[in-house]
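A.B. asks: sharing a model that was predicted from the sequence below.
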Amino acid sequence: MRAAPAGPFDPLRSRLQEAAAAFADGPDALEGILLGIVDDVDRAAREPLEIFPVCHHSPASAVAMARRLREKQPRVVYLELCEDMAPLLTELRNCRLPVAVQAFATEVDGFPADWAPLSVVAPITEASAEYQAIAYALDTPGVELVLVDRSSDHVFQWQPRDAAPDAPADAGAEPEAAAADGEAALHGDAVGVEIGDLRPRFAELEEHLLRHGKVRHWSEWWHQYVEVPLGDSDHDTYRQVMLLIGSLFRRLAPGDPHRVAVDEDRERYMWTRMREHLAATGTDPADCLYVCGAFHAASRVAEFGVDGSDGFAIAPRSATRWQHGLIPSSHAAIEAQFGLAAGSVSIAAAVWAKNLKRTEVRPYRLAGQAGGSKGTGRAAAAPVPAAAPAPSDRLSGFLQRPPVLDTLDEAELLGWSVDIVRAARRNGYLASTADAIAVFQTSVLLAGMRDRARPTPYDFQDAAVTCIEKDSVPGRRDVGRLVEIMMGGDRIGQVGYDALPPLARDVHDRLAPLGLRLEQRGVQRALLDIAARPELDACSDVLWRLRYLLPQGAARPIMGERRLGERSVQESWDLALGTHQRALIELGYEGVSLEQVLEQRLRRKAYGPQATTADVLAAVEDATLYLGSRRLADELGRHALEVLATERSVDGAPEVLRRVRRLLAYYRTSEPSLPGWIESFVRTGYAHYCTLLPTAFTDEDATVRQVAAMLGFLFGMEGLALSLGCDRTQLELAVAQSHPEEPSRVALLWAAQVQLGRLSRAELRSRCADLLANPLALPAYPRYLSGFVQALEPVPGLTDFVVEAVSRAFGQLPDAVLLPWLPALITGLRAGGAELAPLLIREAGRIFPGRLAALDAWVPPWRAPQPDPAALRPAGGGGGAALLAAHPASCDALAALLGCEGGWASPDSGPAGAALVGRHPDAAGALEALLATR
């Protein structure tokens, strides 16, 4: 039998020891746990530096904190929060809660690269003990607030290298029923840190508590068995009960070595920081208050207490550059991140307001705080605190006290029943006064069935769903959601203008001419008549940059577009910058202006290790479109040339072709001459694709569309490439060396040969006719047609031939042959030529008759008799000028304009083929001399 130290908890130890002997097979294990819990409570209660255990977002903790702060008036408040977040806390007065304090790093140094970007958030609500401590410390003269928890950098330093950064060891359990909507994602993929994580880490223990407590989830159990009983308790009772719960969950935690090590290191870290501060300032521990989670308050590490060991060495921070700011939060986001039940934070806010009214405790509130109830004003200077009385045993009385029914709850339940029926009727439910009575009685019934003294908000919610919601939901909200709204809804915070980073404030200032309340949540319509108000052109530039940088929906154009060489004179936008405030704030971590952030992102996109030529050209286009920066566009264009030279595949050929065509069209119309980089790009690309063409024709990994894009680049840029010094022989040799076997590639090669003049249309028509006449080739004919369709990209002049080939197939083949491969034809055309279909449709509309009556007499052009070319030539040698001779007025006017003398020659005089050479013999003489020298 272990010896227990003498103290106020001796009677409780004796009773627990008797209980362990009565209910356990052997007293050692259970006795050790129960007596160890009492030892933990006794140890924390005797500590000279007062420890105030809390649970995150707990109204009971917040009320107890406000009451204790007014009683004790400590001079130093130590708070379990990342120490690097301290400078941001003064900005909370410029925000509407809930908000989250965020540490953000876009580039990492000392961590795995795939962890970037790093983000840590600590949400703060008004109904929380940490906010009460912050408000008291910041608004009370002579009080110092010291954050003592590990820094944001250490959060990731202590993270296992093989674990994902979005699943830290102390991030809590998975969400049970948290909402998955947009508001629940306000924190993004940030790692959440919370003050007072208090939840069983032993799955069997939690399951046991939920089953015997007759509740559905942990949030409901905590509300019923901890939150409600502690709402009216005094300070000593609250403190000892929270220490008891923290010790219980700590001693029954499973042996996860890493998580236990992180928890103990955090406790060593915090006590080391507190002792350092006490030694540096000479503050009396009795004048201080340490606010931490109940789990950490029951710590058993050697560094615990002001007289603990000093052997813990704090590692230096990494070289990662952290940015800090405030982002909006919401009840749903807090519930989703920390594994709370949907609506639990809203219910906690309602309980906070109820507790304040019942206990008449005056909460602390930052001066100038936006939203919520009226503040209490600036607190007076902290007086000298009185000596703390010796701790007494309050646990025994609390554990033996039966629950007491509060008559005020019955009146409140009646009000809830009436309000939910009213809300249900507004949302389309056929609810009546009888339903309100049924909800009231069912709530009381459910509470009795669950062994509760009074109905809880969760009992009321179940009763409302049972009595009001029948077969279907008539509107967008079901009854469960209506109850959550009635209890306070999903309150969403907002960061004030003065607390925004410089970039966000700059955006608000530059968009001020629009006359909108950009901080307001929801969608707002902005109308820009740039022609009438030229000053709105700058607002248009900002909006297009925001559309590029922010998530979809933050800035959405309704009317107007921005393309290379084009600007709208009127625009209409749907703006939701208030809804997407977090994304705008995080932009401020990357730079001080939109232009700087946009340039950084374009450089990162272009110079990334996986960047392709198409990606770099896209960055060039975006730099020209959104920044108007010729310097940046030229720099990225030269880099695109380098990337192209290193590519050995043709995967991005279609995108490269599309962007190069667009950039060429823009520069030709807006610049006096082409930039040097794009000339070099065309010259290098011509040689590059000529080299890859024979291999691409036979490469199974290259698609027909990619090969067609290569040919489109070669044929489309041929004129410019030849003027820049390229040789057409390269292309001819590349086509001659190509020997594909797949039908669609063969058709593509035939089209290229037609374009080069190596194959006539008559020969191409003959080859297609042979395919139709060959029964063995008929199954592959749809793939030939697919290749011809893709060939319209490099050889658009074959559009009429493709229409002819399809028409011949439908006209000649019998249904027994046509119907089996018709699905393959349609599928191939849809998959490979959807963007080229308008060309075929337009050409078919030109060839085929427009009226049904003309169809019977219509003869296809390819079936009409072809005239003899020799018969089209005139019989006389001079017949070509007959039209000019019959109508000489235009030629006479042109001759007079050019100053030419002489008259018209007689038609019968015959051609004077050498007359011009006879009048100007110098050129012929020079040619003769040149040939003679060779």
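C.D. replies: Thanks, I have it.

A.B. asks: so where do the helices sit in the stretch 51-200 of the chain?
C.D. replies: Taking DSSP state H, counting those that start in this stretch as the criterion, the stretch 51-200 of the chain carries its helices at 59-72, 129-139, 152-157.

A.B. asks: export those helices to JSON lines and tack on mean pLDDT, mean neighbour count and distance to T799?
C.D. replies: Placement of C-beta: from N, CA and C, glycine included. Shown next, in JSON lines, are the helices of the stretch 51-200 of the chain (pLDDT from 0 to 100; neighbours: other Cβ atoms under 10 Å; distance: least, Cβ to Cβ, whole Å):
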{"stretch": "helix 59-72", "mean pLDDT": "89", "mean neighbour count": "24", "distance to T799": "74"}
{"stretch": "helix 129-139", "mean pLDDT": "91", "mean neighbour count": "25", "distance to T799": "70"}
{"stretch": "helix 152-157", "mean pLDDT": "88", "mean neighbour count": "22", "distance to T799": "59"}
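
A.B. asks: could the C-alpha coordinates of stretch 786-803 be exported in PDB?
C.D. replies: Extracted as PDB, the C-alpha positions of stretch 786-803 are listed here (Å, rounded to 0.1, in the frame of the first residue of the first chain):
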ATOM      1  CA  SER A 786     -10.100  10.900 -87.900                       C
ATOM      2  CA  GLY A 787      -6.600  11.600 -89.200                       C
ATOM      3  CA  PHE A 788      -7.900  13.800 -92.000                       C
ATOM      4  CA  VAL A 789      -9.900  15.800 -89.500                       C
ATOM      5  CA  GLN A 790      -6.800  16.400 -87.400                       C
ATOM      6  CA  ALA A 791      -5.000  17.400 -90.600                       C
ATOM      7  CA  LEU A 792      -7.300  20.400 -90.800                       C
ATOM      8  CA  GLU A 793      -5.100  22.100 -88.200                       C
ATOM      9  CA  PRO A 794      -1.900  22.200 -90.300                       C
ATOM     10  CA  VAL A 795      -3.700  22.000 -93.700                       C
ATOM     11  CA  PRO A 796      -7.000  23.800 -93.500                       C
ATOM     12  CA  GLY A 797      -7.200  23.700 -97.400                       C
ATOM     13  CA  LEU A 798      -8.300  20.100 -97.200                       C
ATOM     14  CA  THR A 799     -11.600  20.900 -95.500                       C
ATOM     15  CA  ASP A 800     -13.600  20.300 -98.700                       C
ATOM     16  CA  PHE A 801     -11.700  17.000 -99.300                       C
ATOM     17  CA  VAL A 802     -12.600  15.800 -95.800                       C
ATOM     18  CA  VAL A 803     -16.300  16.600 -96.500                       C
END
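
A.B. asks: buried residues, it. List them.
C.D. replies: By 16 or more other Cβ atoms under 10 Å, the buried positions in stretch 786-803 come out as 786-795, 798-803.

A.B. asks: do the same with stretch 840-852
C.D. replies: Within stretch 840-852, the residues that count as buried by 16+ other Cβ under 10 Å are L840, E843, I847.

A.B. asks: contacts only, for the last one.
C.D. replies: Right, I847. Taking Cβ atoms under 8 Å, 6 or more residues apart in numbering as the contact definition, I847 lies against D800, V803, P860, P861.

A.B. asks: just the ones of the residues you listed in helices?
C.D. replies: D800, V803 (DSSP state H).

A.B. asks: out of the contacts of I847, the closest to S472 would be?
C.D. replies: V803 (53.8 Å; Cβ to Cβ).

A.B. asks: you'd agree that closest one is up against E843?
C.D. replies: Yes - assessed by Cβ atoms under 8 Å, V803 is found in contact with E843 at 5.1 Å.

A.B. asks: ok so, going back, need the helices of the stretch 51-200 of the chain in CSV (columns: distance to C768).
C.D. replies: CSV is the format used below for the helices of the stretch 51-200 of the chain (distance: least, Cβ to Cβ, whole Å):
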stretch, distance to C768
helix 59-72, 81
helix 129-139, 79
helix 152-157, 65
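
A.B. asks: those: which one's closest to E741?
C.D. replies: Closest among those, once you apply Cβ to Cβ, is helix 152-157, at 54.9 Å.

A.B. asks: against which helices or strands is that closest one packed?
C.D. replies: strand 118-124 (3 or more Cβ pairs under 8 Å, 6 or more residues apart in numbering; DSSP states H and E).

A.B. asks: sorry, back to before: max pairwise distance over the contacts of I847: which two?
C.D. replies: D800 and P860 (10.9 Å).

A.B. asks: which strand or helix spans Y686?
C.D. replies: helix 676-698 (DSSP states H and E).

A.B. asks: quick one: which of the contacts of I847 is nearest to T579?
C.D. replies: V803 (50.7 Å).

A.B. asks: quick one: residues contacting S568.
C.D. replies: I530, S540, M559, G560, E561, R562.

A.B. asks: if we can go back for a sec, go through the helix holding Y686 and flag the buried ones.
C.D. replies: 677-686, 688-690, 692-694, 696-697.

A.B. asks: make CSV out of the contacts of I847 and add pLDDT and distance to Q581.
C.D. replies: What follows is those, written out as CSV (pLDDT from 0 to 100; distance: Cβ to Cβ, whole Å):
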residue, pLDDT, distance to Q581
D800, 87, 57
V803, 87, 55
P860, 79, 64
P861, 78, 64
